[in-house]
Structure formats: structure tokens, C-alpha cells
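Undergrad: the sequence and its predicted three-dimensional model are supplied below.
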Amino acid sequence: MKNWYRILILFLVSSSLLTFTAAAQQKNTDTERALVLKLAAYLKDSSYIKNTIRQIETEKKVETQITGYQKLHKQVQRMLLLQSELKWLNMEAIRLAYEDMKRIEGFDAVKYLPILTELEQQVKQGFGNIYSGDEAVLVNAEKAVANKRAILLANPLLNGDKILTVRYQLGNRIVGQWLPNWVRSRTTGVIRNQPAGKVLTPILLS
């Protein structure tokens, strides 16, 4: 009789633990799903993300759902970063910056010319739909962003420990002078004031 009583107690305790575990897992699933949807709201096109969420919801195992949401969360983060970076990828501005840096002692124009050429080809071909979840598209866009960064940060006047990211909109002025086109886009460094119409070069912070 005592053995049956112990078995009953163990059964009840085990059932309670299983119920508690299932509830905790479901809560984690809901949390992961909510995080993905919150981030996806900032994408220009979130249709792929929403479709993928519907697919994840069909999975029977909660662990599989959680893993799916975590993977999707990383994809959304990549898309958001590229969405921001590509918005400020101005090929004309980068080309002007390169030509300006060629006149600076210490700048290796030969080394960075292939990178500039590759970037120009990437921009010309376009980046496809970065919101589609296509890994090849994301990798290509990330390579373009890396190429842009490599060129702009190659300025010998920049100190790696003293870099300031500056963003200007059309119509902004510095000391009463209109900014040239290439510095109106996103660039790195502090802007050195020069006569209107000349290309400005990012310089290190003093």
C-alpha cells in the first residue's frame, strides 16, 4: 500500500514539473517571437520574416521553434544593419574621397583601387532584395559595406583611436560654407573647412 502511495506522489510531482516546464518553454517561445516581430517592424519589407514565422509556428517541438526564432532574429539584425548602411552608400562620394586621398602622402592608391573597382561593380549590379532571406544576397551586400569602410578608413590622416562618424544632410553649412556633395553623405572623421566647391577630407580628432 505504501509503495502505491509513493508511486502516486511521484506521478503527481512529475506531472506538475512537466506542466511547469512546458509553460516555461511556451513563454520562451512567445518571447522570442515577440522580439523578432518588434525588430522586423523597422524593415522596409517584413513579408519574408512574417512568412518564416508562420512556418516556425507549424513546428511541433517547442525547442525547434525557439531555435528557429533565434536564427530569424539574427537575420533581421543583419537586414536592419544593411538597410541602414546601404542607404548611405554613395558611390560618387566614395570615388571623390578616393581621388582626394590619392593626393595625401601615405595613402596606398594601388592597394585600394581594386577594392574601389569591386565596389563600383557591386553598386552597378545592385544588391537584390536584402529582405528575401537569400544568404548570397546578404553576403554580397555585407562585402560592399566592408569595401566602402575599408576605403574611407584608409585615409592616412585618420587615427584609429580617434574616429568620429559624422552624418550631414543637404543644405548643412560649416562656418557659412556649403558642404561639397561627398561629405553630405555619411563619412568618417571631422570635416576640415575649405573653400566652397573643393572636396573635403576627413581628418583626425585633435
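TA: Done, it's in.
Undergrad: got the buried residues for stretch 131-145?
TA: Of the residues in stretch 131-145, Y131, G133, V137, L138, N140, A141, E142, A144, V145 count as buried by neighbour count, 16 or more other CB atoms under 10 Å. Yep, even glycine has a C-beta here, placed from its N, CA and C like the rest.
Undergrad: now L89. Nearest residue, chain neighbours left out?
TA: In space, and not counting its chain neighbours, L89 is closest to K148: 5.8 Å by CB to CB, 6 or more residues apart in numbering.
Undergrad: ugh, wrong one, G133
TA: Y48 (4.8 Å).
Undergrad: next, the buried residues of the helix or strand containing that neighbour.
TA: Using DSSP states H and E, Y48 sits in helix 47-57. The neighbour-count check on helix 47-57 (16+ other CB under 10 Å) flags Y48, I49, T52, I53, I56 as buried.
Undergrad: returning to what we had before: turn the buried residues of stretch 131-145 into TSV, including distance to L116.
TA: Shown next, in TSV, are the buried residues of stretch 131-145 (distance: CB to CB, whole Å):
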residue	distance to L116
Y131	27
G133	30
V137	22
L138	22
N140	17
A141	17
E142	17
A144	12
V145	14
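Undergrad: keep only those of the residues you listed that are in helices.
TA: Counting by DSSP state H, those place V137, L138, N140, A141, E142, A144, V145 in helices.
Undergrad: and the helices in this protein?
TA: 2-40, 47-57, 62-87, 91-101, 109-125, 135-152, 181-184.
Undergrad: dump the helix holding Y48 to CSV, keeping only the CA atoms.
TA: Extracted in CSV, the C-alpha atoms of helix 47-57 (Å, rounded to 0.1, in the frame of the first residue of the first chain):
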residue,chain,number,x,y,z
SER,A,47,7.0,39.8,-45.6
TYR,A,48,9.7,37.2,-45.6
ILE,A,49,10.1,37.4,-41.8
LYS,A,50,6.3,37.0,-41.3
ASN,A,51,6.1,34.1,-43.6
THR,A,52,9.0,32.4,-41.9
ILE,A,53,7.3,33.0,-38.5
ARG,A,54,4.2,31.2,-39.8
GLN,A,55,6.4,28.3,-40.8
ILE,A,56,8.1,28.1,-37.4
GLU,A,57,4.7,28.1,-35.7
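Undergrad: before we move on, the earlier item: how far away is the residue nearest to G133 from Y131?
TA: 6 Å (CB to CB, to the nearest Å).
Undergrad: check what pLDDT the residue nearest to N129 when sequence neighbours are not counted gets.
TA: Closest residue to N129 apart from its sequence neighbours, by CB to CB, 6+ apart: V137 at 6.6 Å. We have a pLDDT of 94 for V137.
Undergrad: got a list of what V137 touches?
TA: When contacts are counted by CB atoms under 8 Å, 6 or more residues apart in numbering, V137 touches F127, G128, N129, I130.
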